[in-house]
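>>> Below is the sequence, then the predicted model.
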Amino acid sequence: MLGNLSLVALLVCACAASSIEESRSKLSTHDRIRADGYPAQYFDLITDDGYILQVNRIPRGKNDFFDFRKRPVVFLQHGLQSSANAFLGIGVDTSLAYNLADRGFDVWIGNARGVENSRRHVLWDPDSDVTKRHFWDFTFEEIALIDLPRMIDFALAHTRQDKLHYVGHSQGGTVFLILNSRKPEYNDKFISAHLLAGVGYQNHFPNWILTQASARVDEIRALTYLLGIVEILGPSKDRKSNLEVTLATSAVAEIETNNALADLISLIKRAMDEFSRAKAGIGGAAIKQYAHYGQNIRDKKFRSFDHGILGNLARYGSTTPPEYDIKKITVDLTMHYTLGDVLLSEADVLEMANDIPNCKARRVARSDFSHTDFVLARDSKELVYDYLIDDLIRRK
């Protein structure tokens, strides 16, 4: 009898904890930080091309609520299809943002255009059939060269500091590499950087299904454009992505009767499954962002978006897109990687570390640590964050 009561008690506690976590997940990033007991601020910034970006801030630790001393700044940037919440989601004791705040840092967290916190524009509605093609017409290069410097410059100006530390996960690493190679003057604004599964070179891409999809990336993009799909894996009312919903419609079912397109639709669906398994969060992303990664996988080049010969001539003055010269990056950089990553190979990380002048590669000890474990795994504190934070403290 006592055993049964204990089991019931455990189930009640589990259900209560689940209910609390579900309620917590519905909070805004700002309110979530406050609910977790930390001081919080947020700022809405407008980019030169009209996107409204939210930047979140944890200025002090939980136990330093009224301690207003100046602290070194750390800027965190999330990955593709994620948001600032990625750095808050595994509990107060474990999440990177809270650990940094409690260890004496002024923590700023960016939200790239299109994600749940920055799904706004001064003119364009991301969900309107009239304006959505304009809103979602961007790749990660715009995030790197427009969004990231806007947020970095604001954080530095607001805190009256000249330099900060940077931590980027996945696409957060991509945009850091692009910013500092295309705008080398930004190298002087970073004390150090830690990239967690930061994607750059993709010459040895480890996922076979996504490699197959990348080989047909131009066809896939043309088809999605024809179907009116410009966003992928963004939230809809039933929590399915708009692409997933569209691929289930009768119109697509009719297209699939055409043998020439049936295998392409099937490939898109399989690629969707792979992305769903590999990525974290529900933040929106442009089809064009995924297409940009796909082009780089296909062409084995880390370079700007390929608009075709005429488009390239108009934009770049050459028939092919220019490559990102990461040899121009001078920031003291650590690239964290894992053998269990299905989106980034060890060979590519080591090649990047060799090409960047002041860079070292650090392999995570757990061999099955995954791409998203950098922000989702509870042992990420022990395996990654403690090392990262100790390194930043040594630079104070």
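All right, it came through fine. What you see is a predicted model, and the numbers here were worked out from it, not measured in a lab.
>>> what residue lies at the spatial centre of this protein?
residue 79 (1.0 Å; Cα atoms, centre = their mean).
>>> Next one: that residue from residue 289, what distance?
Distance check for residue 79 against residue 289: by Cβ to Cβ, to the nearest Å, it reads 11 Å. Placement of C-beta: from N, CA and C, glycine included.
>>> Identify the contacts common to these two.
residue 171 (Cβ atoms under 8 Å, 6 or more residues apart in numbering).
>>> Which residues are in contact with residue 56?
29, 30, 33, 40, 41, 42, 84, 108, 109, 111, 117.
>>> go on, residue 50?
Residues near residue 50 by Cβ under 8 Å, 6+ apart: 121, 122, 123, 124.
>>> Sort out which of those are buried, if you could.
121, 124 (16 or more other Cβ atoms under 10 Å).
>>> Out of the contacts of residue 50, which comes closest to residue 351?
Nearest to residue 351, judged by Cβ to Cβ, of those is residue 121 at 37.2 Å.
>>> sorry, back to before: buried subset of the contacts of residue 56?
Judged by 16+ other Cβ under 10 Å, buried ones among the contacts of residue 56: 29, 30, 33, 40, 42, 84, 108, 109, 111, 117.
>>> and which of these is nearest to residue 154?
residue 108 (8.7 Å).
>>> Tell me which other helices or strands the host helix or strand of that closest one touches.
Using DSSP states H and E, residue 108 sits in strand 106-110. With contacts taken as 3 or more Cβ pairs under 8 Å, 6 or more residues apart in numbering; DSSP states H and E, strand 106-110 sits against strand 52-58, strand 73-77, helix 96-102, helix 148-159.
>>> after the longest one comes which helix or strand?
With elements assigned by DSSP H and E, the helix or strand that comes after helix 148-159 is strand 164-169.
>>> neighbouring contacts of that following strand?
Contact with strand 164-169 is made by 72-79, 82, 86, 96, 105, 108, 152, 155-156, 174-176, 189-198, 331, 374-375, 388, 392, 395, as judged by Cβ under 8 Å, 6+ apart.
>>> rewinding a little: between the contacts of residue 56, which is closest to residue 49?
Of these, the one sitting nearest to residue 49 (Cβ to Cβ) turns out to be residue 111, at 16.0 Å.
>>> residues touching that closest one, list them.
Counting by Cβ under 8 Å, 6+ apart, residue 111 touches 29, 53, 54, 55, 56, 78, 83, 84, 117, 118, 283.
>>> What's the ChimeraX line that selects buried ones from the contacts of strand 164-169?
Filtering those down to the buried ones (16+ other Cβ under 10 Å) takes a single ChimeraX command:
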select :72,73,74,75,76,77,78,79,82,86,96,105,108,152,155,156,174,175,176,189,190,191,192,193,194,195,196,197,198,331,374,375,388,392
